[in-house]
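Novice: Task: produce atomic coordinates for the following.
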Amino acid sequence: MGVDHTEPGVPEDAVGRRVSCEGERATVQYVGLVPPTAGLWLGVEWDNPERGKHDGSHEGVQYFTCRHPKGGSFVRPGKVSFGVDYLSAVEQQYIYDTEKNYMEWEGRSKKLSFEILTSVLLCGCEVNGPGPDGEIRNTTPLVRWLDLSKTLVSCWEDVSAITRQLNQLEGLQLSTNRLRLPSEPSAHCEAFCRLKTLALNSCDLTWPQILECAPMWPQLEVLSAEENNITELQRPEGVLQSLKTLSLCGNPLHQDSVLSVAALPRLEELNLSKTGLSDLRFDDAAPGSLTAMFPALKNLYLDHNNITEWRVVDELGKLPSLVKFSCLGNQLVSDDGNPRTATELLIAKLGRLRFLNRCEIHPDERRGAELDYLKMFGEEWLKAGGASQPSSQFTCRHPRYLSLVEKYGAPEEGELKKPESFALKNQLLKLVFVFPDDVERKPIEKKLPASMLVQKVKGLLYRLLKVPAVDLKLTYSSPKMEGTEFEIDNDLKTLQFYSIEDGDQVLVRWS
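Specialist: Model (predicted):
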């Protein structure tokens, strides 16, 4: 089962090398014979385990191992590509590929033309290393952004051999690669000394592996490590201290380890979307006080997680610098089930917020949300002791309430939100019905009672449009939150239930 290096196209250091085969990427784990068949085989572990057939064994003999029981295959050398060097890939991408011919030659030499490149995009190309020593420095000296996503580089030494010749490099994209860790990370600092932005998405990495590599990136400010195998975070000791942006979206995080990155002194943006997060607590600060954790954090993304408790939002109110927050795709529901009320609660509970769910919060919108919040829980506040001394239980549930009382004054008895009054039931709303899927149909303006059931609204629309009510789908939008649509999904609720206001638009679609 010895290795036959006389096979053309198989390098002597083939084991551990990255290869492509029929559009898929794999790592060579074995080179040799596989009896009873004749000839040389490559044992490969596929990046996509569904492409494989076994775990590296054949007829009871284990030739190599795979992490996935079906992640391996044996392939003939002639079916795989070990790739090309950096300069060959640049030539293929920027000269010979006529569909992507970005260069205008006008008689210039190849070298001169490459010298003007500030970005080199080789995503999906079969780059396997630097090529002739020193030629990258002579050929593409001005490159500041390099995309080596989904290439055939096998280890950090390969990457370092390329980047140490790019003295201007600030941004590096290495997503969808499988890189062996360096034996001496600090030896590669020079190769990444100017690097500010690094993408390592879908690289099958853990957080300890990232920390092991981090000494190579002394000036790093932006790190994207989405869709990896990051479960438990550890505190970065002496590394990543310049980091301003960190994205861990799509990793199955243990939520009790999230605070391990809370001490990063310059971290301004953190993306923890799609991580399964359901809780976040800053126990160093009492309700209504500021935490010492995440001191510089301005932007936080928690979209598509499992957050259902409003106390998580109250905890986020402890962050001293938070101005942009997004939590789309969670189950934060208000008592009335109305999404607009939930939005108002988020605005009122997070007093420093300027953007919510990627929409700017206008001053009038904040004022309205905070006044509504005062009225909404005013009765509970009075029962808890009111202005004299509200109970600690109330303060824990509504840590911002006292500051709102100081801002606007205590809510009056008559202002407290109660079941809708006779006057409210007879309030008329001026609504504009628009038809996004029927551009030729003009908007229709109607005045309708706030107490009108959605079912009755659909009946009115049936008479106007001759479209069966069962086929109608309604949403509404408000000038206060431009670009956002709210569903009207219960025919037995009133317009008032959905907090539809005078001047709102109702968008009408049908199947």
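Novice: Can you give the distance from the host helix or strand of Ser88 to the centre of its chain?
Specialist: Using DSSP states H and E, Ser88 maps to helix 86-91. Taking the mean of its C-alpha atoms, helix 86-91 sits 32 Å from the chain's own mean (Cα atoms, centre = their mean, to the nearest Å).
Novice: residues in contact with that helix?
Specialist: Helix 86-91 is contacted from outside by 110, 114, 120, 122, 125-127, 129-132, 135-136, 139-140, 151, 162, using Cβ atoms under 8 Å, 6 or more residues apart in numbering. To be clear about C-beta, it is placed using only N, CA and C from the backbone, and glycine gets the same treatment.
Novice: now do stretch 12-24
Specialist: So stretch 12-24 is in contact with 3, 5, 11, 25-31, 42, 44, 46-48, 51, 75, 79-83, 126, 128, 151-155, 177-178, 180, going by Cβ under 8 Å, 6+ apart.
Novice: then it to CSV, C-alphas only?
Specialist: Backbone C-alpha positions of stretch 12-24 (Å, rounded to 0.1, in the frame of the first residue of the first chain) are rendered in CSV as follows:
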residue,chain,number,x,y,z
GLU,A,12,4.8,14.1,-3.1
ASP,A,13,3.1,16.0,-0.3
ALA,A,14,-0.4,15.0,-1.6
VAL,A,15,-1.7,13.9,1.8
GLY,A,16,-3.3,16.9,3.5
ARG,A,17,-3.6,18.8,0.2
ARG,A,18,-6.9,20.2,-1.0
VAL,A,19,-8.4,19.1,-4.3
SER,A,20,-11.4,19.7,-6.4
CYS,A,21,-13.4,17.0,-8.1
GLU,A,22,-16.5,17.5,-10.2
GLY,A,23,-17.2,20.8,-8.6
GLU,A,24,-16.8,19.6,-5.0
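Novice: for that stretch, which positions count as buried?
Specialist: Neighbour-count burial for stretch 12-24, counted by 16 or more other Cβ atoms under 10 Å, picks out Ala14, Val15, Arg17, Arg18, Val19, Ser20, Cys21, Glu24.
Novice: Can you say which of the contacts of helix 86-91 are buried?
Specialist: Among the contacts of helix 86-91, the ones that count as buried (16+ other Cβ under 10 Å) are 114, 120, 122, 125-127, 129-131, 136, 139-140, 151, 162.
Novice: Please tabulate those residues in a markdown table, including the columns distance to Met216 and secondary structure.
Specialist: Listed next are the buried ones among the contacts of helix 86-91 as a markdown table, based on distance: Cβ to Cβ, whole Å; DSSP: H, G, I helix; E, B strand; the rest coil:
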| residue | distance to Met216 | secondary structure |
| --- | --- | --- |
| Phe114 | 26 | helix |
| Val120 | 20 | strand |
| Leu122 | 20 | coil |
| Cys125 | 23 | coil |
| Glu126 | 24 | coil |
| Val127 | 19 | strand |
| Gly129 | 17 | strand |
| Pro130 | 17 | coil |
| Gly131 | 21 | coil |
| Ile136 | 18 | helix |
| Thr139 | 24 | helix |
| Thr140 | 21 | coil |
| Thr151 | 18 | coil |
| Ile162 | 13 | helix |
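Novice: Can I get those in CSV including pLDDT and distance to Lys407?
Specialist: Below are the buried ones among the contacts of helix 86-91 laid out as CSV (pLDDT from 0 to 100; distance: Cβ to Cβ, whole Å):
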residue, pLDDT, distance to Lys407
Phe114, 85, 61
Val120, 96, 54
Leu122, 96, 55
Cys125, 94, 58
Glu126, 94, 62
Val127, 96, 58
Gly129, 93, 62
Pro130, 95, 61
Gly131, 89, 65
Ile136, 95, 60
Thr139, 92, 62
Thr140, 93, 58
Thr151, 96, 56
Ile162, 97, 57
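Novice: At the geometric centre of the protein, which residue do we find?
Specialist: Cys249 (4.4 Å; Cα atoms, centre = their mean).
Novice: So that one, which state does it fall into?
Specialist: Here Cys249 is recorded as coil under DSSP: H, G, I helix; E, B strand; the rest coil.
Novice: can you check Tyr476 too?
Specialist: strand.
Novice: Was I right to think it contacts Phe486?
Specialist: Yes: assessed by Cβ atoms under 8 Å, Tyr476 is found in contact with Phe486 at 5.5 Å.
Novice: anything in contact with each of those two?
Specialist: Counting by Cβ under 8 Å, 6+ apart, the residues touching both Tyr476 and Phe486 are Tyr498.
Novice: neighbouring contacts of stretch 211-222?
Specialist: With Cβ under 8 Å, 6+ apart as the test, stretch 211-222 has contacts from 156, 160, 181-182, 185-186, 188-189, 191-198, 234, 236, 239-240, 242-245, 266.
Novice: Need the distance between the two termini of that stretch.
Specialist: 14 Å (Cα to Cα, to the nearest Å).
Novice: How about stretch 288-302?
Specialist: Note: stretch 288-302 ends 21 Å apart using Cα to Cα.
Novice: For it, list every residue counted as buried.
Specialist: Gly288, Thr291, Met293, Phe294, Pro295, Leu297, Lys298, Asn299, Leu300, Tyr301, Leu302.
Novice: Can you tell me which of the residues you listed end up in strands?
Specialist: Judged by DSSP state E, the subset of those located in strands is Asn299, Leu300, Tyr301.
Novice: okay but the last one is in contact with Gly250, surely?
Specialist: No: with the criterion set as Cβ under 8 Å, Tyr301 and Gly250 do not qualify as a contacting pair; they are 11.7 Å apart.
Novice: Quick check: neighbours shared by those two?
Specialist: Jointly contacting Tyr301 and Gly250 under the rule Cβ under 8 Å, 6+ apart are Ser273.
Novice: any idea where the helices of the protein begin and end?
Specialist: Per DSSP state H, the chain carries helices over the ranges 86-91, 110-114, 135-139, 156-163, 207-213, 310-316, 339-349, 363-376, 378-383, 392-397, 401-408, 422-425, 454-465.
Novice: Could you identify which of those has the lowest mean pLDDT?
Specialist: Ranked by mean pLDDT, the helices of the chain end with helix 422-425 at the bottom, a mean of 46.
Novice: Just read off the phi/psi values of the closest residue to Asn306 other than its chain neighbours.
Specialist: Nearest residue to Asn306, sequence neighbours excluded (Cβ to Cβ, 6 or more residues apart in numbering): Ser278, at 4.1 Å. Backbone torsions for Ser278, taken as degrees, to the nearest 10, come to phi -130, psi -10.
Novice: ok, Ser278 - how many residues close by?
Specialist: 14 (other Cβ atoms under 10 Å).
Novice: Pull up the gap between it and Leu345, please.
Specialist: Using Cβ to Cβ, to the nearest Å, we find Ser278 at a distance of 18 Å from Leu345.
Novice: got it, and Pro130?
Specialist: 55 Å.
Novice: what do you get for Lys53?
Specialist: Relative to Leu345, Lys53 is positioned 54 Å away (Cβ to Cβ).
Novice: When these two are compared, which one has more neighbours?
Specialist: When Lys53 is set against Leu345 and neighbours are counted by other Cβ under 10 Å, the residue ahead is Leu345, at 21 against 11.
Novice: residues contacting the more buried one?
Specialist: Contact analysis of Leu345 by Cβ under 8 Å, 6+ apart lists Trp310, Val313, Leu332, Ser334, Ala369, Tyr373.
Novice: For the residues you listed, give me a markdown table that also has neighbour count and distance to Thr395.
Specialist: Listed next are the contacts of Leu345 as a markdown table, based on neighbours: other Cβ atoms under 10 Å; distance: Cβ to Cβ, whole Å:
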| residue | neighbour count | distance to Thr395 |
| --- | --- | --- |
| Trp310 | 17 | 14 |
| Val313 | 21 | 15 |
| Leu332 | 16 | 21 |
| Ser334 | 17 | 20 |
| Ala369 | 22 | 20 |
| Tyr373 | 23 | 15 |
